[in-house]
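Enquirer: What would the 3D arrangement of this be:
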Amino acid sequence: MSFVGAGFLGFAHTLPQVNMYTHGTLVTAMHGHMAFWGAYAMLILAIITYAMPLLSGRKLYDTPSATVAFWASNIGMIAMTLAFGVAGVTQVVLERRMGMEFLAVQEEVEVHFWGLILAASLFTVGVTAFIYNFIRHGLPKGEVQGGAPALDADDDEGAGAAASGTRAGRRRGVMPYYRATGREEEVFLAAHAERLPVLLKGPTGCGKSRFVEAMAHRLERELVTVACNDETSAADLLGRWLVRGGDTVWQDGPVTRAVREGAILYLDEVAEAREDVIVVLHPLTDHRRELFVDRHAEQLVAPPEFQLVASFNPGYRRGPKELKPSTRQRFVGIDFTYPEPAVEAEIVAREVGIEAAVAKRLVGLARKVRSLSELGLAETVSTRLLVNAARLIRAGVDPRVACVHTVVAPLTDDPEVAGALRDIVHLVF
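Expert: Numbers count the residues shown, from 1 in each chain. Presented below is the predicted three-dimensional model:
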């Protein structure tokens, strides 16, 4: 558009041999419309459509209304340019070459203005669709209701030798990227409003922690995360007495702090925690919503905005590490799994900023590995691994090398299985 309108037509129109006939005619309008649209308007719309979502965490504009906006506005502008062009050339011949009166010439080119009106109507439809799309999808993601799971880039699955309480402050800036694939957000928000605890179930790296992070941002609540493991004790979560400067002072644990502040408490891999920890949490997960801190002789009642969220991976936890029914039935359950291929490719491309074609290949690799149950992998390729591979590829690493180090190596130490996985990598890339 900019090359034709501002470049070609602008150059041709300003040649002295041409401009002496076309100056001030509809040929000028032909050049002006396409030049302004191509050189200025399309650049601004491209920034709003693609750059702003990346900078502000807003939703991308890959919607049916965006497609209508693009094609209708551009086809309409091309048709307007053609209408102006035909009318302008006719005006030049009749008025500048044959000497007809201006008003008489306008009557001769009137039919072209009807074509111009039709083209402008189509252009108006496109611009209206763009405005609708911007209003509907252009709000910051934290202000748009609906949606649910995506990427789990910071999902610390069962890490740490002891309980670790991490406070993620109220995020007033960019909302963590989260691609909706179901109605999980709707269920979570309803559970929060009804003061119900939530249990997130799903394989590693499928989006559980990112989901909680996004929900905390949307609800404008502090997020306190505890990475549970078999060394996690009740004292780690509730708090303990410490000696500081000769004085004995009480220090709240992450659970106690979350209850006091009305935060969202996220227990990552809760099935890894010891039984005494689960028992302490039971009063927080029923109608009482209470926490008894025995070492401090204190009983806390959770404020309305407090919410308990737990996650675990049911795929590789069996036997003594399985959550008991008496615990599971206290929660609203939300199941997570790996997204559909198109959605997962969108997640990888959006999270890392790589080409869609590369993201599709990575997802194709994941699907091939996930379908091979005979490999005997404890865990299969997660979306997180694909994101790691994409990051190395973005940094300039060869795709095969990147996949070997971010997909094959983390999944297995068995030479035969690793060889089979490398063969799959070579088939895809």
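
Enquirer: And the next helix or strand past the helix-or-strand element of the chain with minimal mean pLDDT?
Expert: Least confident helix or strand, the chain: strand 165-168 with a mean of 48, by mean pLDDT, DSSP states H and E. Later in the chain than strand 165-168, the nearest helix or strand by DSSP states H and E is helix 184-193.

Enquirer: all helices for the stretch 101-250 of the chain, in order.
Expert: Taking DSSP state H, counting those that start in this stretch as the test, the helices found in the stretch 101-250 of the chain are 102-108, 110-137, 184-193, 208-219, 234-238.

Enquirer: Can you tell me which helices and strands the shortest one packs against?
Expert: Meaning helix 234-238. helix 254-261, helix 275-281 (3 or more CB pairs under 8 Å, 6 or more residues apart in numbering; DSSP states H and E). Using the backbone N, CA and C atoms, a C-beta is placed for each residue, glycine as well.

Enquirer: what about residue 296, how many residues close to it?
Expert: 16 (other CB atoms under 10 Å).

Enquirer: Got the confidence number for it?
Expert: On the pLDDT scale, residue 296 is placed at 86.

Enquirer: right, so of the helices of the stretch 101-250 of the chain, which gets closest to residue 410?
Expert: Across the helices of the stretch 101-250 of the chain, residue 410 has its closest neighbour in helix 208-219 (17.4 Å, CB to CB).

Enquirer: what helix or strand is residue 311 on?
Expert: strand 307-312.

Enquirer: What angle do helix 208-219 and that strand make with each other?
Expert: Comparing the axes of strand 307-312 and helix 208-219 via axes from the mean of the first three to the mean of the last three CA atoms, to 10 degrees yields an angle of 170 degrees.

Enquirer: circling back to that earlier point, what's the closest of the helices of the stretch 101-250 of the chain to residue 29?
Expert: When the helices of the stretch 101-250 of the chain are compared (using CB to CB), the closest one is helix 110-137, at 9.4 Å.

Enquirer: Now do the buried residues in the closest one.
Expert: Within helix 110-137, the residues scored as buried using 16 or more other CB atoms under 10 Å are 112, 115-116, 119-120, 122-123, 125-127, 129-130, 132-134, 137.

Enquirer: How far does it sit from its chain's centre?
Expert: 30 Å (CA atoms, centre = their mean, to the nearest Å).

Enquirer: Show me which positions of stretch 228-243 end up buried.
Expert: Neighbour-count burial for stretch 228-243, with 16+ other CB under 10 Å as criterion, is recorded at 228-229, 232-239.

Enquirer: What ranges does the protein have for its strands?
Expert: 165-168, 198-201, 223-227, 239-244, 247-252, 264-268, 290-293, 298-301, 307-312, 332-335 (DSSP state E).

Enquirer: in the sheet, who's paired with residue 226?
Expert: For residue 226, the beta-bridge partners are residue 165, residue 267 (DSSP bridges).
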